[in-house]
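Novice: The amino acid sequence is not available; the structure is as follows:
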C-alpha cells in the first residue's frame, strides 16, 4: 500500500508452489516446500490475504488498500526474479518493482528492505503462500501472504490460510475485497492514475526506516498517517 511500510514489507513477492492434497495439521501447514525452479513462480498473482507482525499493518491495510497483485518475471541472472507489484488505494495505483534471488528454496531481497522468504505447503492447487522475515530499522518482523491465480478463493481455502496464521502465532490477517477492482495490467490508464514508488523506496536510508518503525509502533501515529495520506490523495484527485 501507499502506506510506505506496507509496500516495503508486503513486497510484492508472494510466491509459492501449489499443492492439491488437503492440508490439516499445523505440522503440515507450516512445512516449507522445495522450489524446483523459477518457472513455477512466474506469472500474475492476486493478493488475497496477509498477516504481519508490523504494528498497525492490518489497520492500515483495511483502511487504505483496495486490492493488490504481483507479476513475477525472470531477471537477467539465472537465479534472479523481477517482481512488479500494483496496489490500488483511493482509486489510484501505486507500483513497486523489486528483485529477488532464489537459492536452496529460499527467496532473498536486499531492496527496498532486507528480507528472506520460504514457501509453505498449501492444499490450494493454484494458490501461493509465503512466510517472510524482513528487517525494518533495527527490528525483524514476520509475515505470511496468501495469493492466487484467481481473484477470489473459496471459503475453505481462506480458512486453511487463517489456520496457517494461527499455527505460526501471527496476528489475525487482513483480507482484501476483490469486488473493489484492480489496477490495470498496463499503466498508466485513462481511468486510473499510477505512481511508481520504486525509486522512492530504494533511496530511503536506514534513518528513514527507523523513523517509520517508531511511527508504526504508535496507534495515534498510524491514525495521523492515514489522515495525512487521505488528504494528500484527495488533493491529487482534485488536481
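Specialist: Thanks, I have it. Only a predicted model underlies this, so the values are computations on that prediction, with no experimental measurement involved. Numbers count the residues shown, from 1 in each chain.

Novice: For residue 88, list the residues it contacts.
Specialist: Counting by C-beta atoms under 8 Å, 6 or more residues apart in numbering, residue 88 touches 65-68, 94, 180-183, 192. All C-beta atoms are positioned from the backbone trio N, CA, C, and that covers glycine.

Novice: taking those one by one, which sit in strands?
Specialist: With DSSP state E as the criterion, strands contain 65-68, 94 from among the contacts of residue 88.

Novice: any idea which of these is the one closest to residue 29?
Specialist: residue 68 (23.3 Å; C-beta to C-beta).

Novice: So what's the residue count around the closest one?
Specialist: Neighbourhood size, residue 68 [other C-beta atoms under 10 Å]: 29.

Novice: Residue 43 too?
Specialist: 14.

Novice: Filter the contacts of residue 88 down to the buried ones.
Specialist: 65-68, 94, 182-183, 192 (16 or more other C-beta atoms under 10 Å).

Novice: Now flag whichever of these is closest to residue 102.
Specialist: Nearest member of the buried ones among the contacts of residue 88 to residue 102, counting by C-beta to C-beta, is residue 68, at 22.0 Å.

Novice: Now tabulate the contacts of residue 88 in TSV and tack on distance to residue 156 and pLDDT.
Specialist: TSV is the format used below for the contacts of residue 88 (distance: C-beta to C-beta, whole Å; pLDDT from 0 to 100):
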residue	distance to residue 156	pLDDT
65	24	85
66	25	86
67	22	89
68	23	91
94	32	88
180	23	83
181	25	83
182	24	88
183	28	88
192	33	57
